[in-house]
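Novice: I need the structure of the sequence given here:
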Amino acid sequence: MTVQDIRAFNRFYTNVIGALDYSRHLYAPFTLTESRVLYELAHSPRTDAADLRGELSLDAGYLSRILNRFEQDGLIERAPSQRDPRRRQVTLTARGRETADLLAERADESVGALLATVPDADRPRLAEALRTVRTLLSSSDRGRPQPEDVVLREPGPGDLGWIVQRNAALYAAEYDFNADYEGLVARIVADFAEDHDPHLERVWIAELDGRPVGCVMCVRDDAPGTARLRLLLVEPDARGLRIGDRLVGAVVEFARGVGYRDLVLWTNDILGAARGIYQRHGFVLTAEKPHRSFGQDLVGQDWRLDLHQRR
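Specialist: Next up, the predicted model:
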């Protein structure tokens, strides 16, 4: 392996994906860098310019010019960050989300057309080769998965059963919950599988290296105009990759996009990491009450997010 081998591959691959003329390739007035910034904003709803600079290794002046253009075009809004008033939080507007969705759709179509040229029998080999390249060329965290390696997707065959099995196993191992919890999760999942409105209810699976490592659900609540977040879970070996934050962000953006007024959830006070995520996304504690469930003495909590209130 020589420097020239890698440079030859780079020239080949940038040509394959149309990186040299990205805007024309996707029929969009954005460069590859601008499209990547939109992607990060769509998948990390609570971010600021410093986060983007660090995530994408961009020059501060270059990023500032991109964000200024986006703001002039009505794609983003900027406001003081609640985490650090010295920073400016960047949020996609409704037009910005539509634009990011359109770019993602066109990129999926482009890659899908490329993948269609690869025989089915060769696709596992291709996937493994891509994982090998990512692993070997990672810098300080060589061999360790990175947040960008995680994909959020729709559930496939077997995924709903995985949600039940992993919730039961993890809560038994980490909190000593009994089989009553597995029964509750099974009923929630079965209700969704048997009768749900795909326009108003959805499940997300977080996937890493071809295996599910997290999940969350958004379902209709009994109260009119209200959605309920349920069954947020992240596998222990995948924690620290912002998966929980991305899953909750996906639910918030989906619920807001389809017109719900409120997003609610029920949890227990022992789930500190999850509660921290909810708070970062703007959920407010509305009630709490001790109860005996799943073989444990717990304190249940109700949380609510006003989807009309932008943060």
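Novice: spell out, range by range, the helices that occur in the stretch 201-311 of the chain.
Specialist: Under the criterion DSSP state H, counting those that start in this stretch, the stretch 201-311 of the chain contains helices at 243-257, 272-280.
Novice: relative orientation of the longest one and helix 272-280 in degrees?
Specialist: When you say that, I think you mean helix 243-257. With axes from the mean of the first three to the mean of the last three Cα atoms, to 10 degrees defining the directions, helix 243-257 sits at 40 degrees from helix 272-280.
Novice: what sits up against helix 243-257?
Specialist: Under the contact criterion Cβ atoms under 8 Å, 6 or more residues apart in numbering, helix 243-257 has outside partners 42-46, 97, 147, 150, 152, 202, 204, 206, 213-216, 218, 227, 229, 232, 234, 263, 273-274, 277-278, 280-282, 305, 307. (C-beta placed from N, C-alpha, C; glycine too.)
Novice: so which of these are in strands?
Specialist: Among those, the members falling in strands (DSSP state E) are 152, 202, 204, 206, 213-216, 218, 227, 229, 232, 234, 263, 305.
Novice: ok, of the residues you listed, which one's closest to R78?
Specialist: Nearest to R78 among the ones in strands among the contacts of helix 243-257: L305, at 21.3 Å, using Cβ to Cβ.
Novice: thought the closest one was touching L263?
Specialist: Yes - using Cβ atoms under 8 Å, L305 makes contact with L263 at a distance of 4.4 Å.
Novice: overlap in contacts, those two.
Specialist: Each of 252, 283 lies in contact with both L305 and L263 under the rule Cβ under 8 Å, 6+ apart.
Novice: ok, back up a step: the helices of the stretch 201-311 of the chain into CSV, with extra columns for mean pLDDT and distance to D159?
Specialist: Converted to CSV, the helices of the stretch 201-311 of the chain look like this (pLDDT from 0 to 100; distance: least, Cβ to Cβ, whole Å):
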stretch, mean pLDDT, distance to D159
helix 243-257, 94, 14
helix 272-280, 91, 20
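Novice: which one of those helices is the most hemmed in?
Specialist: When you average the neighbours per residue for each of the helices of the stretch 201-311 of the chain (mean count of other Cβ atoms under 10 Å), helix 243-257 leads with a mean of 21.
Novice: tilt between that helix and strand 226-234?
Specialist: Angle of helix 243-257 versus strand 226-234, following the same axes, to 10 degrees, is 160 degrees.
Novice: keeping just the C-alphas, turn helix 243-257 into CSV.
Specialist: The C-alpha trace of helix 243-257 is given here as CSV (Å, rounded to 0.1, in the frame of the first residue of the first chain):
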residue,chain,number,x,y,z
ILE,A,243,-27.7,7.5,19.9
GLY,A,244,-30.3,8.3,22.6
ASP,A,245,-30.1,12.0,21.7
ARG,A,246,-30.6,11.3,18.0
LEU,A,247,-33.5,8.9,18.7
VAL,A,248,-35.3,11.5,20.9
GLY,A,249,-34.5,14.2,18.4
ALA,A,250,-36.0,12.1,15.6
VAL,A,251,-39.2,11.7,17.6
VAL,A,252,-39.4,15.4,18.3
GLU,A,253,-38.9,16.4,14.7
PHE,A,254,-41.4,13.8,13.4
ALA,A,255,-44.1,14.7,15.9
ARG,A,256,-43.7,18.4,15.2
GLY,A,257,-43.6,17.8,11.4
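Novice: returning to that earlier point: and the helices of the stretch 201-311 of the chain as CSV, adding distance to A28?
Specialist: Converted to CSV, the helices of the stretch 201-311 of the chain look like this (distance: least, Cβ to Cβ, whole Å):
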stretch, distance to A28
helix 243-257, 20
helix 272-280, 31
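Novice: so which of those gets nearest A179?
Specialist: A179 lies closest to helix 272-280 among the helices of the stretch 201-311 of the chain, at 21.8 Å (Cβ to Cβ).
Novice: D191: which of the helices of the stretch 201-311 of the chain is closest?
Specialist: Of all those, helix 243-257 comes closest under Cβ to Cβ, at 17.3 Å.
Novice: mean confidence score for stretch 158-178?
Specialist: Per-residue pLDDT values over stretch 158-178 give a mean of 95.
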